[in-house]
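Engineer: Any chance you can model this:
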Amino acid sequence: MLVYRKWTALLVAALSLWLGQVHAEQRPEVADQVVAYMGTQGAKVWTLRIGERAANEALVQIEGVDHDWNMRIQKMQVEKTSRDTRYSTTVDGKKYVVLIIQGSWGGELYLPGEAQPLQVGYSEGLSHQGNAQAFLTDYLATQEAQ
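Structural biologist: Numbering: from 1, shown residues only. I've put the predicted structure just below:
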């Protein structure tokens, strides 16, 4: 009976390890660092590359705004040009540019239904507070809940 319990415990441990590994492999690749911007009136924008660099996609979370998108993490397309970097999504079936970053220090945040953009600037302090894997976990949890 003791041998049976040892083999059962070993089998359960191996199976748990294997299932954990399979679950970990299902997580998409993300950048090592979150890049964050601080805006006027307390707005914060968190960005994180998701997938291969060539996919040009990022997770974007907007915080501290009186808008339906507050705290919602969205996957957006990223388009880099010689002048700026643009983060866009689809709103009402059309491409909608949400965030334009000019250079590496600042830009504008456009929210659907708002008359004027919010100015944002790179925040080293906020960026260091961000945790890429926790950000990904939060995004994946919202995807599973949908």
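Engineer: alpha carbons only for contacts and neighbour counts from here, please
Structural biologist: Noted.
Engineer: Below-threshold pLDDT in this protein: ranges please.
Structural biologist: 1-25, 104 (pLDDT under 70).
Engineer: ranges for the strands of it?
Structural biologist: For the chain, strands defined by DSSP state E occupy the ranges 35-39, 44-49, 57-63, 73-80, 84-91, 94-102, 106-109, 118-122.
Engineer: Ala141: which of those strands is closest?
Structural biologist: Each of these was checked against Ala141 via Cα to Cα, and the shortest separation belongs to strand 73-80, namely 10.4 Å.
Engineer: Mind giving me the packing neighbours of the closest one?
Structural biologist: If you count contacts as 3 or more Cα pairs under 8 Å, 6 or more residues apart in numbering; DSSP states H and E, strand 73-80 packs onto strand 57-63, strand 84-91.
Engineer: Deepest in the core, which of the ones you listed is it.
Structural biologist: Of those, the one with the most neighbours on average (mean count of other Cα atoms under 10 Å) is strand 57-63, at a mean of 22.
Engineer: helices or strands up against that one?
Structural biologist: strand 44-49, strand 73-80.
Engineer: Export those strands as a markdown table, with columns for distance to Glu63 and mean neighbour count.
Structural biologist: Rendered in a markdown table, the data for these read as follows (distance: least, Cα to Cα, whole Å; neighbours: other Cα atoms under 10 Å):
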| stretch | distance to Glu63 | mean neighbour count |
| --- | --- | --- |
| strand 44-49 | 5 | 24 |
| strand 73-80 | 10 | 18 |
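Engineer: To Gly130, which of these lies closest?
Structural biologist: strand 44-49 (7.9 Å).
Engineer: Can I get that closest one as CSV, trimmed to CA atoms?
Structural biologist: Once side chains and other backbone atoms are set aside, the C-alpha atoms of strand 44-49 remain, and they are given as CSV (Å, rounded to 0.1, in the frame of the first residue of the first chain):
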residue,chain,number,x,y,z
LYS,A,44,-2.0,57.2,-17.2
VAL,A,45,-1.3,55.0,-20.3
TRP,A,46,0.4,51.6,-19.9
THR,A,47,1.8,49.9,-23.0
LEU,A,48,3.4,46.5,-23.5
ARG,A,49,4.5,44.8,-26.7
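Engineer: So what are the sheet partners of it and their directions?
Structural biologist: With DSSP bridges as the criterion, the sheet partners recorded for strand 44-49 are strand 35-39 (antiparallel), strand 57-63 (antiparallel).
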